[in-house]
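how would this look folded up:
(one chain, ligands or ions: 2)
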Amino acid sequence: MKSASSVIPTTMRAVVFRGPNDFVVDHIPTPAEPRRGTVLVRVRASMICASDQKILAGKFPATRFPHVPGHEFSGEIAASVDGSWPVGTRVGVEVHVGCGVCDRCREGMYTLCLNYGKPDSGHAHIGFTIPGGLAEYVSVPIPALHVLPEGVSFLEGAWTDNLGVALWALERGRLVAGERVVVIGPGAIGLCVVQLARALGAARVTLVGRGERFDRVRGLADGFVDARDIAGLAGSADLVVEFAGTPDAARDAIGLVRRGGRVVLGGATGLGTTLDGLDLSAIVRGNLDVLGSLANPKGVSARALTMLAHGKVDVQRLVTHKFPLMVFDEAWRTFSERREGAIRVMLEP
Ligand SMILES: [Zn+2]
Ligand SMILES: [Zn+2]
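Ligands and ions are numbered 1, 2, ... in the order given. Down below sits the predicted model:
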């Protein structure tokens, strides 16, 4: 095995979700030496996201406790048996790895793999069904790796998955240059959508959300509208992209798009969220395309990384706080309580 010049320790620090609402930073065994098809990554930058909150709350059925979370991370290869992924290569990671042989995987839609949650098939959802990157080391299947372009830092590279999710939503929505876009949800993904929409030539991008967060993100969008004042936007968008994850936001999205326009719903991925109070004629008589968007299939994260490398999107601004992995506790509270308008909290193992 080719190993990094520094010796890989047999134990490592990692965040461990021991059970619902019970976590600790612990010393656990470092993942085993990589076999064919995987590499060992030394994590350099790793973020917390709302999905981690769902996992910790026990609302993600495919996750088994104890569990090492973390699915927004970058690092460098620490051990590899694959010559095309040498030790020291700087990588970002996307989190869905398909079995590669089912009907959906063959279409490139490995995010919809029919063998979800069956590790023996080769399927992996990094940080969800297998251990993730809120740790010093993580074993990563090779199909999840993206080489970080020159000039892209580890901090930026930790956005590999998120940027792909944002770009996929815009591709679902068939954005073309000169259109008016409304983005609902000023979280990390929504703010990536805003920037990518501008980069793709949108004429005007309006961000809808809670007013308090707007101070942090002035300049990223062309207009800012508090969610309570959304009625003024009716009919004003060719494309609405929703990343707020609430029924209200979904209803607003469908209500404010112009007739004949497109609505992409990307936020409400939790099971059991239902949509009441929607007049279906808004969709039928509006001739709307209402589209769900899940994650980042078809290698879209690679294109998103290229846009990052070309300066089309600024993610550094969205990292509002940084902590060492040891004080995960503090980082977790900062993120989950949205202290100081926290958008993304970065851990540096
Ligand atoms: Zn996430
Ligand atoms: Zn599959």
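
Return the residues of the stretch 1-150 of the chain in contact with ligand 1.
Contact residues (CB under 5 Å from the ion) of the stretch 1-150 of the chain with ligand 1: 49, 51. C-beta coordinates here come from the backbone N, C-alpha and C atoms, glycine included.

Get me the contact residues on the stretch 1-150 of the chain for ligand 2.
By the rule CB under 5 Å from the ion, the part of the stretch 1-150 of the chain lying against ligand 2 is 98-99, 102, 105, 113, 115.

And the helices in the stretch 1-150 of the chain, which stretches?
Assignment of helices within the stretch 1-150 of the chain using DSSP state H, counting those that start in this stretch yields the ranges 50-56, 103-106.

got a list of contacts for the longest one?
Outside of helix 50-56, the residues that reach it under the criterion CB atoms under 8 Å, 6 or more residues apart in numbering are 17, 20-21, 23, 60, 63, 67, 69-71, 127-128, 134, 187, 245, 270, 336.

and those residues, which are buried?
17, 23, 60, 63, 67, 69-71, 127-128, 134, 187, 245 (16 or more other CB atoms under 10 Å).

Using CSV, please lay out those residues together with pLDDT and distance to R213.
What follows is the buried ones among the contacts of helix 50-56, written out as CSV (pLDDT from 0 to 100; distance: CB to CB, whole Å):
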residue, pLDDT, distance to R213
F17, 98, 27
F23, 97, 26
F60, 90, 25
T63, 95, 28
H67, 98, 29
P69, 98, 24
G70, 98, 24
H71, 98, 23
G127, 98, 25
F128, 97, 27
L134, 98, 24
G187, 93, 8
G245, 91, 15
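
and which of those residues is nearest ligand 1?
Distances from ligand 1 to the buried ones among the contacts of helix 50-56, taken as CB to the ion, are shortest for H71 (5.5 Å).

Now the closest one. Nearest residue, chain neighbours left out?
Setting aside the residues directly before and after it, H71 is nearest to G127 in space (CB to CB, 6 or more residues apart in numbering), at 3.1 Å.

now K118
Closest to K118 by CB to CB, 6+ apart is C99, at 7.5 Å.

Mind picking the one among the buried ones among the contacts of helix 50-56 that's closest to T10?
T10 lies nearest to L134 out of the buried ones among the contacts of helix 50-56, by CB to CB, at 19.3 Å.

Was I right to think the closest one contacts S46?
Yes: applying CB atoms under 8 Å as the test, L134 and S46 come out as touching, 5.3 Å apart.

list residues touching both of these two?
Both L134 and S46 are contacted by 70, 73, 325, 347, 349, under the criterion CB under 8 Å, 6+ apart.

Now compare those residues and name the two farthest from each other.
Pairwise distances among the shared contacts of L134 and S46 were taken by CB to CB; the largest, 11.1 Å, belongs to F73 and L325.

Neighbour count for the two, which is higher?
Counting neighbours by other CB atoms under 10 Å for F73 and for L325 shows that F73 has the greater number, 32 against 20.

Which phi and psi values does G223 adopt?
phi -150, psi 150 (degrees, to the nearest 10).

shaky segments in this structure?
Within the chain, the segments meeting pLDDT under 70 span 1-6, 268.

switch the cut-off to 90
Along the chain, segments meeting pLDDT under 90 span 1-7, 61, 82-83, 210-218, 268-273, 338-341.

ok, and the closest non-adjacent residue to H146?
Leaving out its chain neighbours, the residue that sits closest to H146 by CB to CB, 6+ apart is G92, at 4.7 Å.

Only alpha carbons, please: show the helix or strand harbouring N162 as PDB.
Under the criterion of DSSP states H and E, N162 resides in helix 160-172. Output of helix 160-172 as PDB, limited to C-alpha atoms (Å, rounded to 0.1, in the frame of the first residue of the first chain):
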ATOM      1  CA  THR A 160     -18.200  20.000  -3.700                       C
ATOM      2  CA  ASP A 161     -21.500  18.300  -2.800                       C
ATOM      3  CA  ASN A 162     -23.500  21.400  -2.000                       C
ATOM      4  CA  LEU A 163     -22.600  23.200  -5.200                       C
ATOM      5  CA  GLY A 164     -23.600  20.200  -7.200                       C
ATOM      6  CA  VAL A 165     -27.000  20.100  -5.500                       C
ATOM      7  CA  ALA A 166     -27.500  23.800  -6.300                       C
ATOM      8  CA  LEU A 167     -26.400  23.500  -9.900                       C
ATOM      9  CA  TRP A 168     -28.600  20.400 -10.400                       C
ATOM     10  CA  ALA A 169     -31.700  22.300  -9.200                       C
ATOM     11  CA  LEU A 170     -31.000  25.000 -11.800                       C
ATOM     12  CA  GLU A 171     -30.500  22.400 -14.500                       C
ATOM     13  CA  ARG A 172     -33.800  20.800 -13.500                       C
END
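
now for that helix, which elements pack on it?
Contact here means 3 or more CB pairs under 8 Å, 6 or more residues apart in numbering; DSSP states H and E; on that basis helix 160-172 packs against strand 72-80, strand 90-93, helix 188-199, strand 237-242, strand 257-265, helix 300-309.

closest to D289 out of the ones you listed?
Here strand 257-265 is closest among those (CB to CB), at 4.3 Å.
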